[in-house]
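Colleague: The following comprises the amino acid sequence and a computationally predicted model.
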Amino acid sequence: MSKPTAFPMFQTDITKLLADFKVPGVDFEPMIAAQKKNIEALTEANQLVIAGVQAVMKRQAEILQGSMEQARTVASEIMVPGVPEAKLAKQAEVVQTAFQGALANMKELADMVTKSNTEAANVITKRVSESLDEVKAAVVKVAKK
């Protein structure tokens, strides 16, 4: 049984309604099946996007943790007494390494987002293609009658 809602109209089973609603020459079963496939494709695409977002967020947390650890290490190295020129050279090296790491991390995250979006778009594209084939088949079926 469906969960009660504040809106009773959302508890109506459309498939049962359409099954009782007969229109000569119109078969609602293929239309219902097509819409069910559309919803399944959207659900799959949404799940892929959510999984992608979760993977990106996890990787961002890992990057942040690594950056904090690196900053802690660098700070302790720079605080050691020594020659100012050596410290300045070390700081320049750290900045360059951090910049290159940031660029690599941005590219990695962008690639993750692109992969997730492409997978989701492929699911939708496949379903649209299938849907067009279904429409074409239905038109041919009606034309033969």
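Modeller: Happy to help now that I have it.
Colleague: residue with max distance from the center of this protein?
Modeller: Going by CA atoms, centre = their mean, the residue of the chain most distant from its centre is residue 83, 51.1 Å out.
Colleague: Just want the most central residue of the chain.
Modeller: Short answer for the chain (CA atoms, centre = their mean): residue 49, at 1.2 Å.
Colleague: Show the model's pLDDT score for that residue.
Modeller: With respect to pLDDT, residue 49 has a value of 96.
Colleague: after the least confident helix or strand in the chain by mean pLDDT, next one along is what?
Modeller: Taking mean pLDDT, DSSP states H and E as the measure, the chain has helix 14-20 as its least confident helix or strand, at a mean of 64. Downstream of helix 14-20, the next assigned helix or strand under DSSP states H and E is helix 28-78.
Colleague: what's the spacing between that next one and its chain's center?
Modeller: Mean-position distance between helix 28-78 and its chain equals 6 Å (CA atoms, centre = their mean, to the nearest Å).
Colleague: Which elements pack onto it?
Modeller: If you count contacts as 3 or more CB pairs under 8 Å, 6 or more residues apart in numbering; DSSP states H and E, helix 28-78 packs onto helix 14-20, helix 84-144. In this view, the C-beta of every residue, glycine as well, is placed from N, C-alpha and C.
Colleague: Least reliable of those helices by average pLDDT, please.
Modeller: helix 14-20 - the lowest mean pLDDT of the helices and strands packed on helix 28-78, at a mean of 64.
Colleague: sorry, back to before: where's the residue nearest to the centre of the chain relative to residue 82, distance?
Modeller: Going from residue 49 to residue 82 by CB to CB, to the nearest Å gives 51 Å.
Colleague: same question, residue 66
Modeller: Residue 66 sits at a distance of 26 Å from residue 82 (criterion: CB to CB).
Colleague: what does residue 67 give?
Modeller: Here residue 67 is placed at a distance of 24 Å from residue 82 (CB to CB).
Colleague: got it, and residue 50?
Modeller: 50 Å.
Colleague: Same question for residue 113.
Modeller: From residue 113 over to residue 82 the distance is 43 Å, taken as CB to CB.
Colleague: who's more crowded, the two?
Modeller: Counted by other CB atoms under 10 Å, residue 113 and residue 82 do not tie: residue 113 has more neighbours, with 15 against 11.
Colleague: wait, what's in contact with that one?
Modeller: Each residue near residue 113 by CB atoms under 8 Å, 6 or more residues apart in numbering is listed here: 52, 56.
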